[in-house]
Each structure stands twice: as C-alpha cells, then as structure tokens.
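1. let's see this in three dimensions:
(chains A, B and C)
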Amino acid sequence: MIVFGYRLPGMSSLLVWGLLWEIVGRMGVTFFIPPLSDVLKTLFEILGTPAFQKALGETAYAFAAGVTAAITIGIPVGILMGKSRLLDELLLPWVNVFLSAPLTALVPVLMVLFGFGMKSIIITTTLFAIWIIILNSRAGVRQINRSLVEMARSFGASPLDAFFKIYFWAALPEILGGVRIGIIRAVKGVIIGQLLISIVGFGALFELYSANFLMSHFWAVLIVLFALAFSISEFLAYLERRVAYYAAKR
Amino acid sequence: MQNRPLFLKLLSAVIIFGAWEIAGRVPVSYAFPTFLESMSALLRMTLDGSIFVAYVETLKPLIVGVSISAVFGITIGLWVGLSARFDWLFSPIFIVMQAAPLAALIPLLVMAYGIGLTSKVFVVGIMAMPVIVLNTSTAVRNTPASMKEMARSFLGSDMDVILKIIIPAASPVIFAGLRLGISAGFIGAILSELKITPTGVGDIITYSRSIADYPSMYAAIFSIILLAVLFLNLLEKLENFLFKGNDLGYVSD
Amino acid sequence: MSQTKEAFEQSEPAAENAVVAHGISKNYGDVQALQNLSLEFPRGQLTSLLGPSGCGKTTLLKIIAGLLEPTSGEVEVNGHAITGPGPDRAFVFQDFALLPWANVLRNVSFGLELRGVAKSERESIAEKYIHDVGLTGFEHSYPHELSGGMRQRVGLARALSVDAQVLLMDEPFSAVDEQTRRKFQEDLLSLVQHENKTFIFVTHSIEEAVYVSDQIAILLPRPSRVSEIIRPTNFRAKGAENIRRDSEYLDIVDEIWASLRTYVE
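-> I've put the predicted structure just below:
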C-alpha cells in the first residue's frame, strides 16, 4: 500500500491494530481486553520471574525434543521413500492418512500408553511435525533432475559423495520448506499436548491466569508464544530464501 | 503388475493392523487392546447406533463452525485479494493466526462464552478461518494478468472481470482452502470436545478411558480418523474432478 | 453546429488511415519505453510492428488497444481519439488468454457475452467463426484438450466474432510450433484479403513480417522509435506458395536483418 508516495512495509498494519487494541482497552469495552500498554507492561514484569522461566523451559524442552525427533526420523524416512519405490508404495498411504487426520484424536491414546508427563507431550509434538517433513523430503528427492544423477555417475562419484555434495543440496529447498511447516505444526502440537495431557509449561500458565482472571498476564504470555512461533517461522523462511536462488532452476 | 499399488496398499494395511494385533496380545501395555478387540467394539457401537448419535453431537459445531468460516472467510479473502488497502490491513492478522498455535486461545474462549456449543463453534471457526482467507486472497491476487486484460479488451466491466474471470480462476485454490479449513476444523471440534465439555465422540473417548474400556476408546478414535481421512480424500477427488484442466493448482499450508 | 455542416461531415468518405498514433510516449518511472512515436495504419491493410525485444512494439499495440495509457500523445481510431478499449478494436493475445474452465463455444462467444448479446444469438455467431477458423466439431472441447495451434484459432475466432474494424495481434503465432506457424501465416494472408478489416500485427520474426504485411514499421529500442517503413509490393499477388522464393521478398528480408543485427544482445 502506498501512502503519500511511500510504500508501507509488509506487516506495518499490525501497528494500527496495536493502536486499536490500546484504544479499545482503555475504553473498557470488555473485561477480557485490557489496554495493550498494560499487557506489555505485564509482559516485561513476568519475563524475569521464575514461574515464567520454568514454563518457558518446559515448553522449549518439549518443543526442541519433539522437533529434533521429527527431523532426525522424518528426513531420512522421506529420503528413503523418495528413492525406493517399494517403500514408497507401502508407506505413502499411511503418511497421507496421518497428514490429514485430526492428530488431536490420538492424544488420548498417547496419554493412556505413555502416561501423563513430558514423554507424551514430546511424542505429540513429534507426531504433529513429522508427516509433512517426510512428505516434503520425499518430494525433494523425487524431483532431483535425472541429469544430475547421471552426471554424478559419469564422474564416478561415490554414493556418500553423491549424497552429500549433490542430492542433499538439490533436495534442500523442499526439505527446508517441509521443516518450516513442520515446526509451525510442532508449536501447535506442543500447546495442544500441554492443554490435554498435563498442565505444564505455557499451558499451565494459561490455565492459572484464566482461572484467576489475570487477563493482562494471559495476553502477555499469549503474545510471547505467538511472537516466538512467528520468529521461528520467519527464521526458517529466511533460510529458505537463502537457497531460493537456485531452487527455481534445478 | 497393474494392481501392484492397490496390492501394496492392502499389504501395508494388513502389516500395520497385524502389528497392532500382535502388540495388543504381547501385551505392550495393559491399556493396549488388540486390533480385533477394538474392531468388535466399533462394530458393537455401530450396531446399537450409539456411534451415530455421538457423531451427530460432534458434527454440530464442526458443520456450523466451518460454514460460518467459509462464508466469512471467502468474503474477506475476496476483499483482501481485490483491494491493496484491505490486503495491507488484514493480511498480517491472518498470517499471524496461521502460524500461531490458536489452541492456546481455548481457555480464553471458554471464559468468555462458557462451555456450550457457542465456544465450540468459535474454536472450529478460528482454526478454519486463516487458511480459507489466505488461500482465497492469494488466488485472487494471482489471477493471470493476461486473462483480466483480455476481458477488459473485450469491454468487460469491473464486475464482469470479478464474476467471470477472477472468481472462476480462483475457484480451485479456494476449494483447496476450504478442504484445509475443514481439516483444521476437525481438529478444533475434537479439541473442544476433549477439553471443554465432553459430548459426542469425545465423550465416548473420555468415558471409556475412565472406566478402562480401552477397546471402545480405541474404536472411537479409529472411527474419527477413518471418517476424517475418507471425507477429506473424497473432497480432494471432487476437487480434481471439478477443476480438471485448470493448471492453476497450488496449495498453501 | 449547423445541420448542413453536420450532414457534410457525416457524408465524407472514411479516412485513409483507420488508426493514427500521434507522438506517443510511455514512461515507467525512469524507464522510457516509447518516445514520441508517430505512425499511420492504412485502412484495410496489415501493418506489422517489427523489432528486437525491448523496442516497445507490444507496449504500442496495447496503447492502441486502450489497455495501457500513454504518458503523452494520443491515438485516433476512425478520426476519434480513444479513451480505453472499444468495440472498434479486438485483441488477439500471445498466450491465447482462453478461459480454461469454459468450452470452445463459450470462449469464442465470450467477447459477445461481455457486450450483453443474447445467448442464442451469440452462440450462432460463434459457431460461424468456429467454422471459419476450421474448428468445427470442437465446440464442446475444453482448452486443455486442444493443441497450441487450435487454442490460438479459438482466440482468433473470438476476436473476429465481435466484428471490430481493427484487429490487433500480439505475436499471435510465437507460442506454436514452426509448421503450425507457417500454416497460420498462409491463413492470415487469405483472412486479410477476405475480411474488410485493418490489421496491426506485432512480431519479432523478419520473415513473418515480410510474408504477411502490406506495410512494415521497423522499431528500434532505446529510445524506441520508428526507424523505417517498408512497403513490399510486387509479390503479394503471386500466391501464398510462391512468396518465400520471390527475389524481392528475399532482398527485403536481408535488408531488414542487416539493419537489425546490431541490436541483438
């Protein structure tokens, strides 16, 4: 959008919304929406508190563990599926099933099998993220240009060399795309896990604040969570752009 | 062997269900029934109709929520796609909503709207809306310029261009957005049943768990996943059929 | 205005030139696509705009069509300045611009549909032109079922069906294969003879321009200007099959190439 001849940056309308939030809050329209300034003040207050740090730690731990598992299992499985037709035909229907299934429905099963603790939350997170990572890694491998493969063989590359010097980079843009979407799903997974399984981490804070009607606190934690989710997503988008220069021309 | 893909699909199903059966017999855990036990529980619930009653309850907020999201979502999406000002103002909101774990808002919605149908409809709604709006607006904005130009060259009015070019051209992606919205709405519906108040299928799950009737619990979960997958696959087939030959296909997540 | 003068003006013979461009300039920010370009397009004839990439020929064509506005200058069609697209001009697009979700019949009648012509009437008009371009039997086929050449014929039928006096063609044959292209060029010659319309044709192929045109305007880039106007005369009457070996044809092609080759990047 162009105002007075200057192009406004992409997300700048969020400032307008922030202003609206402030005004609505001050007018006292509803108890549930305190002024943005109050929320921000509370945010800075609680950032340093041990309760918040603990919650952040618990959530971050579950998230990191879940994502690591999803990546370390998902990418190789996806690559193998891309390379082996037999494996692909056996596994692909299941990957598609779990990709479109409402994974939330599986959480009770996890609770029953793995208990009410951190383990279940981590597994939930992994499950939310892994399917799209598998699918995208597979797609990345499948679209590798035949000519690149033939080139590698004609120059006598060893399988290890071929993988790390050619195939990995050729498939990287898709893999990164899958990881980015997977991470966004993982954030949703870790929160859903915390809401349903056991009340730890940020889930605990949400329950605590809503039960005690501490609205500013509630929104403050929500903003932190949304901001974290968004920053991670943007960081991965940045990485994707770094390899985008060759993505279109492979 | 032409039937190889089908054969392998069946084979993999047999393998997985077989593994389930074995794991149940081992037993992996006291809470892990065998495949056959779960299937017979499912059969029982189907025959006595209890599962259908449950689904009517569960599908209520899903259908209402998705319909509302579809109507509002497509309208907002069209507006955002057509107007640069609206795009600047509203896109960031939906982009943030798309990336954010909206499930965190459930306690808030419960506070504001109680534990009835309203808050469940809201949950389904906020989970389905962002992807519908974003798909619609992207599709509208990416309408091929030469087609719009063509319509103008043949003296089409602005309304002609919107109704005869932009909307038909955007339909495949809008439909895909609806499909993803329904998928997200499913998650919302189940989440609200497990978290807010148990009704419908969520009730079967929580109740069975509480009385340790694990076959029923697994049966209910199996049925949800089966239903969701079948329905979404059906939608995808419908999408491919309706929009055959429209090579404007791309889907955002 | 007095009645006599009005009557006199209306009974004047139609102007020699169907389209006249006066001093057209077009800027995109700092980039000057066209600079003070003037050109006349005689009625009932085919004029080509020929030149290397970046010389502004498509920009000029779209300005004449009314799809782009010039930064300065004006275009007159039949003596009246234009303000946008009009019923007197029809456009044929390089990438066909067909509606992928509509069949051939609807695509060809689309121009008439936008003008509010009733369905039965526009379909019978469309059927005539579908027959004229040789696509009888394909009325209910969809674009994705047709070859590139057939799709362009749909685009051509659509442009013909609105019965505009000026037909604007933007590299219409560049997206089809060589053999189809040759056939199209031959068909275009007979089309120009039989239809009483003015054609303005953009191309970057020298042979194509010399083959089909009554007048060739050569445009050069940076800044975009008309460098010369060539009117091939003698070989037009010899018949479509004999043109490509005619010595005047070959001479003109060589001449044009000699002057254009320095502009190839």
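2. helix or strand right after the helix or strand hosting B:Glu193?
-> For B:Glu193, the element it lies in under DSSP states H and E is helix B:167-195. Counting by DSSP H and E, the element after helix B:167-195 in chain order, helix or strand, is helix B:200-210.
3. contact residues of the stretch 1-150 of chain B facing chain C?
-> B:144, B:146-147, B:149-150 (CB under 8 Å from any CB of the partner chain). The C-beta positions use only the backbone N, C-alpha and C, and glycine is treated the same way.
4. who wins on neighbours among those?
-> Within these, B:Met150 tops the neighbour count with 28 neighbours, counted by other CB atoms under 10 Å in any protein chain shown.
5. thinking again about what came up before, now the residues of the stretch 1-150 of chain B next to chain C as TSV including pLDDT?
-> Formatted as TSV, the residues of the stretch 1-150 of chain B next to chain C follow (pLDDT from 0 to 100):
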residue	pLDDT
B:Pro144	88
B:Ser146	89
B:Met147	91
B:Glu149	92
B:Met150	93
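6. in CSV: those, plus secondary structure.
-> Output for the residues of the stretch 1-150 of chain B next to chain C, formatted as CSV (DSSP: H, G, I helix; E, B strand; the rest coil):
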residue, secondary structure
B:Pro144, coil
B:Ser146, helix
B:Met147, helix
B:Glu149, helix
B:Met150, helix
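7. around chain A, which positions in chain C sit nearby?
-> Residues of chain C lying near chain A (CB under 8 Å from any CB): none found.
8. the residue in chain C that chain A sits nearest to: neighbour count?
-> Residue nearest to chain A within chain C: C:Gly29 (12.4 Å; CB to the nearest CB). Other residues within reach of C:Gly29, judged by other CB under 10 Å, total 5.
9. helix or strand for C:Gly23, which one?
-> strand C:17-28.
10. state the mean pLDDT of that strand.
-> The average pLDDT within strand C:17-28 is 88.
11. what does that strand contact?
-> The contact list for strand C:17-28 (CB atoms under 8 Å, 6 or more residues apart in numbering or on different chains) reads C:32-44, C:56, C:59-60, C:63-64, C:68, C:70-78, C:165-166, C:198, C:200.
12. quick revisit: how about CSV for the residues of the stretch 1-150 of chain B next to chain C, with distance to A:Gly66 added?
-> Formatted as CSV, the residues of the stretch 1-150 of chain B next to chain C follow (distance: CB to CB, whole Å):
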residue, distance to A:Gly66
B:Pro144, 41
B:Ser146, 46
B:Met147, 45
B:Glu149, 49
B:Met150, 50
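13. quick check on the closest residue to B:Phe175 other than its chain neighbours: phi, psi?
-> Leaving aside its sequence neighbours, B:Phe175 sits nearest to B:Glu239 (CB to CB, 6 or more residues apart in numbering or on different chains; 5.2 Å). In terms of degrees, to the nearest 10, the main-chain angles of B:Glu239 are phi -60, psi -50.
14. for the one 4 residues further on, same thing?
-> Comment: the main-chain dihedrals of B:Phe243 come out as phi -110, psi 30, following degrees, to the nearest 10.
15. for C:Glu139, same thing?
-> The phi/psi pair for C:Glu139 (degrees, to the nearest 10) reads phi -60, psi -30.
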